[in-house]
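Engineer: Please find the sequence and the predicted model below.
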Amino acid sequence: MHAYTYLPFPQVKSQPAVVVDSFHPNGLVLSHWREAPTPPELREDTSAGMVLRALKQNYPALQQYRYVTANHFDIDALVGVWALLNPALALEHEETLRQMAIIGDFRELDLAAPFAETALKLVCWMNAEEKARFYPPFGAEDLEENEVIASIPKFHYFLEAFEEVLLNPALFQQVWESEYNQVLEGYAQVYGPESKIIQNPTLGLVVVQTSAPVHYYALFSPTSGYDIVVSCYPENRYEVECKYTTWVDLESRPTLPRPDLRLVARMLNALEMSGLTWVADGVTDTGPLLRLQAGKLSKAQRYGNPQEREFYSSTIEQDAFLQILTNYLHNTFSGAVPKKRWTWAEAKAFNLRNNKI
């Protein structure tokens, strides 16, 4: 296959390219974003997986382009772009790259999966380098320039640096070790005797009861195949999140439509006596949270790891909290049939019909 070159996203208007983990009409789109026009035969759960599939198939349309681009920087996008620039090496390390995309985008870490430990080291290296050298993930709202522009230096750096780390992760241990150990500690906590994991397949819900907030990769480790996560901590501290799995088009399984957590916030606020307020993000947010807050969180805080934000005690006892949430979900999902590729119009219409917003 001919060589590809990274193209900053603003230039795709005039230069056709393979568009990874993004949208643009001037090229071949390989993206799991909802309603993306990815060729059906290349669809996978992650955008990086789609690129790897296209490379394995020697997909004919790849020969029509010389450039690859993405409109934001994250692990899934970087892996997909890098794979097109380094196809032989990407296929040699295919399973590691696939695990990186899953961990990075869905936060679903399975340490029993082949190559997962190596992938976790690489993801933690990327996270540490991104924070040290650039702005943190989802921190572009604090910059004068938007993510499309601000992410370009990240791509230039990581596309150059990633190969050496992929081939020799042990040489970069001092960079990835801190977060890696934090994830392993949280993983042990979540699966330890003092924690409890309750999975509800009917609602696509996982409840994780544990002693303290942990890293996302640990918290979401038991949630593969599920789309809503409830974290329960001592002293009536809770958080609910609709996973990114219901923002994208999953290929591996059908999902229920994403529920609007703002209605649950209203129910909880009618009962809350602490003086604090239950707040929830809308259904189109990439990862809506429902939580008790004393003030507004920035996007970087909302998408940062749970142990990096404060959790407040509610006056609502845990059993009552879980009952309110599960009753709402049972009522909302009544009659709903899981399917693939919900459109945003369908998701909004579903919530409008069921909740009379």
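Structural biologist: Nice, thanks for sending it over.

Engineer: Help me confirm that residue 18 comes into contact with residue 67.
Structural biologist: Yes. When contacts are counted by CB atoms under 8 Å, residue 18 is listed as touching residue 67 (7.2 Å). C-beta: built from backbone N, CA, C; applies to glycine.

Engineer: Neighbour count: the two, which is higher?
Structural biologist: residue 18 (26 against 18; other CB atoms under 10 Å).

Engineer: Check the average confidence over whichever strand or helix holds that one, would you?
Structural biologist: Per DSSP states H and E, residue 18 falls inside strand 17-20. Averaged across strand 17-20, the pLDDT comes to 98.

Engineer: all numbers from here: first residue = 32
Structural biologist: In the new numbering, first residue 32, that becomes strand 48-51.

Engineer: what about the helices in the stretch 82-231 of the chain?
Structural biologist: Taking DSSP state H, counting those that start in this stretch to define them, one finds helices in the stretch 82-231 of the chain at 106-116, 118-123, 125-137, 147-164, 178-181, 183-198, 204-221.

Engineer: angle of the third one against helix 147-164?
Structural biologist: Spelled out, that is helix 125-137. Orientation check (axes from the mean of the first three to the mean of the last three CA atoms, to 10 degrees): helix 125-137 against helix 147-164 gives 50 degrees.

Engineer: now do the first one
Structural biologist: Note on geometry: by the same axes, to 10 degrees, helix 106-116 and helix 147-164 are set 100 degrees apart in direction.

Engineer: now what about helix 106-116, what contacts it?
Structural biologist: Here helix 106-116 makes contact (CB atoms under 8 Å, 6 or more residues apart in numbering) with 34-37, 49, 51-53, 61, 77-79, 81-83, 86, 93, 99-101, 121, 128, 131-132, 134-136, 154, 157, 185-186, 189-190, 193.

Engineer: do that again at 6 Å, thanks
Structural biologist: Helix 106-116 is contacted by residues 35, 51-52, 77-79, 82-83, 99, 101, 121, 128, 131-132, 135-136, 154, 157, 189-190, 193 when judged by CB atoms under 6 Å, 6 or more residues apart in numbering.

Engineer: in stretch 191-203, what's buried?
Structural biologist: For stretch 191-203, the neighbour count (16 or more other CB atoms under 10 Å) marks 193, 196-197, 200, 203 as buried.

Engineer: cool, stretch 153-172 as well?
Structural biologist: For stretch 153-172, by 16+ other CB under 10 Å, it's 153-161, 165-166, 168-171.

Engineer: list the contacts for the residue nearest to residue 61 when sequence neighbours are not counted?
Structural biologist: Spatially, and ignoring its direct neighbours in sequence, residue 61 is nearest to residue 81 (4.3 Å; CB to CB, 6 or more residues apart in numbering). By CB under 6 Å, 6+ apart, the contact set of residue 81 is 61, 73, 75.

Engineer: Residue 81 in helix, strand or coil?
Structural biologist: For residue 81, the assignment made with DSSP: H, G, I helix; E, B strand; the rest coil gives helix.

Engineer: Could you check how far it is from residue 197?
Structural biologist: Residue 81 sits at a distance of 20 Å from residue 197 (criterion: CB to CB, to the nearest Å).

Engineer: any idea which of the helices of the stretch 82-231 of the chain is most buried?
Structural biologist: Mean neighbour count (mean count of other CB atoms under 10 Å) peaks for helix 106-116 among the helices of the stretch 82-231 of the chain, with a mean of 26.

Engineer: okay, the angle between that helix and helix 183-198?
Structural biologist: Using the same axes, to 10 degrees: helix 106-116 against helix 183-198 is 70 degrees.

Engineer: Can you check the contacts of residue 81 and name whichever has the most neighbours?
Structural biologist: Neighbour counts for these, by other CB under 10 Å, peak at residue 61, which reaches 31 neighbours.

Engineer: what are the ranges of the strands in the protein?
Structural biologist: For the chain, strands defined by DSSP state E occupy the ranges 36-37, 48-51, 58-61, 98-100, 227-231, 236-240, 259-264, 268-273, 308-311, 320-324.

Engineer: Within its sheet, name the partner strands of the first one and how each one runs.
Structural biologist: In its sheet, strand 36-37 lies beside strand 98-100 (parallel), with partners assigned from DSSP bridges.

Engineer: how far out from the middle of the chain is the strand it pairs with?
Structural biologist: Strand 98-100 sits 22 Å away from the centroid of its parent chain (CA atoms, centre = their mean, to the nearest Å).

Engineer: swap in stretch 38-49?
Structural biologist: The answer for stretch 38-49 is 25 Å, by CA atoms, centre = their mean.

Engineer: go on, stretch 183-196?
Structural biologist: On the basis of CA atoms, centre = their mean, stretch 183-196 sits 21 Å off its chain's mean C-alpha point.

Engineer: Identify all contacting residues around that stretch.
Structural biologist: With CB under 6 Å, 6+ apart as the contact definition, stretch 183-196 has outside contacts at 37, 39, 104, 109, 113, 156, 165, 203.

Engineer: Between these, which sits nearest residue 306?
Structural biologist: residue 165 (38.2 Å; CB to CB).

Engineer: list the contacts for that closest one?
Structural biologist: Neighbouring residues of residue 165 by CB under 6 Å, 6+ apart: residue 185.

Engineer: again, only using 10 Å
Structural biologist: When contacts are counted by CB atoms under 10 Å, 6 or more residues apart in numbering, residue 165 touches 104, 171, 181-182, 184-185, 188-189.
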